[in-house]
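> return atomic coordinates for the entry below.
(3 chains)
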Amino acid sequence: MKRFFSADDVANIDELVQNAIQIKKAPLQKSDLGKGKTLGLVFLNSSLRTRLSTQKAAQNLGLNTIILNANLEAWTWEFEDGAIMNGSTVEHIKDAANVLSQYCDIIGIRCFAGLENKEDDTSEKVYSLFEKFATVPVISLESATLHPLQSLADCITIEEHKPENKKPKIVLTWAPHIKSIPHAVGNSFAQWMSKIDCEFVITHPKGYELDSKFTQDAIIEYNQEIALQDADFVYIKNWSSFEEYGKILPTEEDWLLTNEKLNATNNAKIMHCLPVRRNVEASDEVLDSENSLIYHQANNRTFAAQIILEKILESDGQA
Amino acid sequence: MKRFFSADDVANIDELVQNAIQIKKAPLQKSDLGKGKTLGLVFLNSSLRTRLSTQKAAQNLGLNTIILNANLEAWTWEFEDGAIMNGSTVEHIKDAANVLSQYCDIIGIRCFAGLENKEDDTSEKVYSLFEKFATVPVISLESATLHPLQSLADCITIEEHKPENKKPKIVLTWAPHIKSIPHAVGNSFAQWMSKIDCEFVITHPKGYELDSKFTQDAIIEYNQEIALQDADFVYIKNWSSFEEYGKILPTEEDWLLTNEKLNATNNAKIMHCLPVRRNVEASDEVLDSENSLIYHQANNRTFAAQIILEKILESDGQA
Amino acid sequence: MKRFFSADDVANIDELVQNAIQIKKAPLQKSDLGKGKTLGLVFLNSSLRTRLSTQKAAQNLGLNTIILNANLEAWTWEFEDGAIMNGSTVEHIKDAANVLSQYCDIIGIRCFAGLENKEDDTSEKVYSLFEKFATVPVISLESATLHPLQSLADCITIEEHKPENKKPKIVLTWAPHIKSIPHAVGNSFAQWMSKIDCEFVITHPKGYELDSKFTQDAIIEYNQEIALQDADFVYIKNWSSFEEYGKILPTEEDWLLTNEKLNATNNAKIMHCLPVRRNVEASDEVLDSENSLIYHQANNRTFAAQIILEKILESDGQA
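Reported below is the predicted structural model:
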């Protein structure tokens, strides 16, 4: 593996998930694999789970980690090719990516959607530029449109908790929020679900359709009640409108997920990538129920990161 | 040891202090004890000594360390149970504590008193919630009311410098300051002094009484001059009023500690937890004198943290 | 080696450069040298290359690294001796330096020129105070007047790319900028160039003379076109006026470095310490040309740091 930006970079997701589950049983088995090598983690945005789980994964592999909170600790980046840099940006991403590649064997970068320029976000302007100019493998710690380490952790969690002898029904349900939130987790979950064996339904108010590029294999059901019927997993997540890019649209129905709404499910397991706005996206009773997998997902972030780092380290020097 | 929040979590302080002094002589003797394990250090407030000494202690034990400047690098926390999170807070402490526990074998957290809500502070709302929801041992890096790693380091320092054949007289003297400062260091020092063999006196202007919960075994002497007589150790520290919670009260006397005032002592050793407002809390001549132990205290922070981490690692898996 | 503040702390620069080139070939050869020891990196200013390359160097030597973003993560420092600290500063540099020395075997510190008080900057007030009060070896991560790790990396880069059988002509050319920039890189480069075998020319508009203390051995040529003739290396860098301290002066000529201007050189290699304001200091075509060494310089920062850390570790305990 030479990069990890989306599900398309994985040859066999089922195998990857099984590998991760093996790592979880014995996380220190390859504790020398990364010896003498360095992982750089670059954050253009806030991070808790990604920041900690990826460090933990690296430590399990004996990899050194160097962290850069780019805006806080270093310099504001310029993203325009050919820019005359006489404004507020201090360093071109071209230079930053090239320089970071001098010190790191693998670089992870987090660069959220700005939600101000749809073309920039959907073209993955920042991530693409960084990867273009980096000379070492790059992994996404969440980009403008996707969050593959989260989705891989979600796949691991689903594999661990799926019903036996039954193709699981997995429902991604839009949830309310008070701020404009990027589409990366929703898009990414849809992309990965299209590649595993499941019935995958997305439910949201009209106007909240995700980018069809990622949801073309999904069933879209605007009625949350219908969507939830017989669900084995319910994944809760807010995102802003993609059509009216970055906007929060008025919604008539109450989309807050409650235990009552879950009655129609097949005793569904509850998922959320966190952080979650409690009692806005979903009620405490849902998030804290026995069926909640939210901390299992967080835990699996470590093993998702670890299998990706392993694959990259093991393919080092190979075509 | 399963937690370290206050002196009450220590079975035998004298033994702990002796253990720490042994570690100081050979800090790398258990450099494999923490191998493959992770210490998380979570800061809701600024930190220099605690940040560095605890990392150093972890490194001495072969523990990996993951640091989270929660507000700077991650998300603002919500502390209200059942809150409808439609405001400025992004992640509930319940989720943060649970998630951090997925990546860490031990978590240290710093959460100062806000000094705005006495009930929240004295009930240790933040620390208690964090510990409640964490699923691994938690250690205090200074909480709203106590600073146990500082006090343990202070006990080590006193043990190293106490007069022979004499019960030491230890005076905690209030000092002036320009800002409202929490009570944690003062409370904590009083708590630990009540458990070691010494004569312990606290002196401060009227109105600056600390929480009597921590000072019930101490002698309170409002006259600084009388308090300092024959002191072997003088611990300088400011705190705001506890009664008029968080307020700075007008004081008539001059409480700045000077060499002249120290003449009445038994050639007393000088202590301060740092940072110190020089020439406001104490004069340069006092802080820089041969009797000053301020850097010894800072140094002993490492060994205080190390013995606590050791005790927790060694009791791992035990009841 | 007991300190690394300037070229004057190096007995033999040529030998140091050769040592660094050997390290580059086998960076992990002394991976146990720093075992059990701690490098503290203290940043009063932003940093990317220095932050990462010095960590990388430390990791190559098995040194633990502790980072302190002093203003972000800890306390604002006071620099005045004898100050009555009743203002916005919380900790005296005297205490910070002494305390950091308790946890670290070597300390690196970055403290840029403030450009507001020439006397403070030229006297290296902050760096000198820190070094005075630290009790362990201190290395500069760029101080008010010098940036020795950058200059050493530059010397390594020049050694690797210099023409055979010819004393290289090296030209430091001032470049435009929109902000007031310190003199440290320019001063430092001039200082190191005066100590290696080369023809060294500095070109800049009148009024932009660097501190003559560092440039006394250099040829100053105000005409950029003349200066560039037959140059083997062209080092691009902006700095503000030293005479009219920290000011940006009006310039009549166009000092932006372009390929056209480079025609007169001996197919010169291009150098810049980064970050660079592209198309303000130099055009993209210059910075991205085959002759550009800017990423080589960044890469050599690791080996510059590593040889300095090695020298300090190896002289540990020696006079």
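> could you point out which element follows the helix or strand containing A:Gln150?
A:Gln150 belongs to helix A:148-161 when assigned by DSSP states H and E. Sequence order places strand A:169-174 as the next helix or strand after helix A:148-161, per DSSP H and E.
> contact partners of that next one?
Strand A:169-174 is contacted from outside by A:158, A:186, A:189-190, A:193, A:198-205, A:208, A:218, A:224, A:227-228, A:230-239, A:255, A:257, A:265-266, A:268, using Cβ atoms under 8 Å, 6 or more residues apart in numbering or on different chains. For glycine as for every other residue, the C-beta is placed from the backbone atoms N, C-alpha and C.
> buried residues, that strand. List them.
By 16 or more other Cβ atoms under 10 Å in any protein chain shown, the buried positions in strand A:169-174 come out as A:Lys169, A:Ile170, A:Val171, A:Leu172, A:Thr173, A:Trp174.
> what's the closest of the residues you listed to chain C?
A:Trp174 (36.6 Å; Cβ to the nearest Cβ).
> if we can go back for a sec, buried ones among the contacts of strand A:169-174?
A:158, A:186, A:189-190, A:193, A:198-205, A:208, A:218, A:224, A:227-228, A:231-239, A:255, A:257, A:265-266, A:268.
> just the ones in helices from the contacts of strand A:169-174, please.
When those are checked against helices (DSSP state H), the matches are A:Ile158, A:Gly186, A:Phe189, A:Ala190, A:Met193, A:Gln224, A:Ala227, A:Leu228.
> redo these as JSON lines? Include pLDDT and distance to chain C.
Compiled in JSON lines, the ones in helices among the contacts of strand A:169-174 are given as follows (pLDDT from 0 to 100; distance: Cβ to the nearest Cβ, whole Å):
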{"residue": "A:Ile158", "pLDDT": "98", "distance to chain C": "37"}
{"residue": "A:Gly186", "pLDDT": "98", "distance to chain C": "33"}
{"residue": "A:Phe189", "pLDDT": "98", "distance to chain C": "33"}
{"residue": "A:Ala190", "pLDDT": "98", "distance to chain C": "36"}
{"residue": "A:Met193", "pLDDT": "98", "distance to chain C": "37"}
{"residue": "A:Gln224", "pLDDT": "97", "distance to chain C": "43"}
{"residue": "A:Ala227", "pLDDT": "98", "distance to chain C": "45"}
{"residue": "A:Leu228", "pLDDT": "98", "distance to chain C": "45"}
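> and the two most separated of these?
The span of the ones in helices among the contacts of strand A:169-174, defined through Cβ to Cβ, is set by A:Ile158 and A:Gln224 at 20.4 Å.
> give me the residue from the stretch 201-319 of chain A nearest chain B.
A:Pro275 (3.6 Å).
> and the residue lying closest to that residue once chain neighbours are set aside, how many neighbours?
Closest residue to A:Pro275 apart from its sequence neighbours, by Cβ to Cβ, 6 or more residues apart in numbering or on different chains: B:Glu91 at 3.6 Å. Using other Cβ atoms under 10 Å in any protein chain shown, B:Glu91 has 23 other residues around it.
> for B:Glu91, what are its contacts?
Going by Cβ under 8 Å, 6+ apart, B:Glu91 touches A:Leu48, A:Leu274, A:Pro275, A:Val276, B:Ala74, B:Trp75, B:Thr76, B:Trp77, B:Glu78.
> three-state assignment of A:Asp121?
helix (DSSP: H, G, I helix; E, B strand; the rest coil).
> which residues does it contact?
Here A:Asp121 is in contact with A:Ala113, A:Gly114, A:Leu115, A:Ala144, A:Thr145, A:Pro182, A:Tyr245 (Cβ under 8 Å, 6+ apart).
> distance check, it against A:Arg49.
In this view, A:Asp121 and A:Arg49 are 22 Å apart by Cβ to Cβ, to the nearest Å.
> gap between the residue nearest to A:Leu28 when sequence neighbours are not counted and A:Glu73?
Distances taken as Cβ to Cβ, 6+ apart place B:Gly36 nearest to A:Leu28, at 5.0 Å, with adjacent residues excluded. Distance, B:Gly36 to A:Glu73, using Cβ to Cβ: 29 Å.
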